[in-house]
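Enquirer: All I have is the shape, not the residue letters:
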């Protein structure tokens with residue numbers, strides 16, 4: 001008998017974040033003076049629970065705190081920085097790759113993206129001829 005339950009969608013992960021995680025983990029295997037992994041910055045968006053239109057700011061803060069605590073315990077790592085955007089149902093974090101990978105695996109995560117994008121997102125102006133058929137004087 002088919003189930004009415006929908007499968008949990010996997011979070012959308014920014015390819016730039018995957019690349020940053022891979023590169024950071026590769027660098028971590030190299031000897032370093034400080035002995036600490038360099039944190040990776042990412043922004044996560046939470047899923048909206050079934051039957052709700054959105055999470056309140058308080059619920060967002062509670063969910064984020066639980067997710068961070070669980071991921072920190074499983075990865076044996078702590079975040080360097082954390083900022084919760086309660087009304088946006090999201091948070092920004094700087095943490096070791098192991099902690100971020102634990103967060104990505106959580107079913108409450110809808111999307112994750114690198115906090116710093118390498119692609120230039122600026123839309124550059126282009127020269128266009130004047131409207132109305134104006135012509136240059138010869």
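Expert: Noted; the coordinates are in hand. Because the structure is a prediction, the values reported are computed rather than measured.
Enquirer: need the longest helix for the protein.
Expert: helix 57-75 (DSSP state H).
Enquirer: What segments of the chain are helices?
Expert: 15-28, 57-75, 97-104.
Enquirer: Which neighbouring elements make contact with the longest helix of the chain?
Expert: strand 40-46, strand 81-85, strand 90-95, helix 97-104 (3 or more Cβ pairs under 8 Å, 6 or more residues apart in numbering; DSSP states H and E). Quick note: C-beta positions are derived from backbone N, CA and C, even for glycine.
Enquirer: Go through the ones you listed and name the closest to residue 130.
Expert: strand 40-46 (41.9 Å; Cβ to Cβ).
Enquirer: Can you give the contact residues for stretch 11-31?
Expert: 37-38, 40, 42, 96-97, 100-101, 104, 109-114, 117-119 (Cβ atoms under 8 Å, 6 or more residues apart in numbering).
Enquirer: and these, which are buried?
Expert: 37, 40, 42, 96-97, 100-101, 104, 109-114 (16 or more other Cβ atoms under 10 Å).
Enquirer: Just want to check the distance between residue 116 and residue 76.
Expert: 25 Å (Cβ to Cβ, to the nearest Å).
Enquirer: Correction: the previous question concerned residue 84.
Expert: Counting by Cβ to Cβ, the gap from residue 84 to residue 76 is 23 Å.
Enquirer: Residue 125 too?
Expert: 50 Å.
Enquirer: repeat for residue 89
Expert: 28 Å.
Enquirer: Show me which of those two is the more surrounded one.
Expert: Each of residue 89 and residue 76 has its neighbours counted (other Cβ atoms under 10 Å); residue 89 has more, 21 against 9.
Enquirer: pretty sure the more buried one contacts residue 60?
Expert: Yes - the pair residue 89 and residue 60 passes the contact test of Cβ atoms under 8 Å, sitting 5.3 Å apart.
Enquirer: Now do the shared contacts for these two.
Expert: Contacts common to residue 89 and residue 60, judged by Cβ under 8 Å, 6+ apart, are residue 46.
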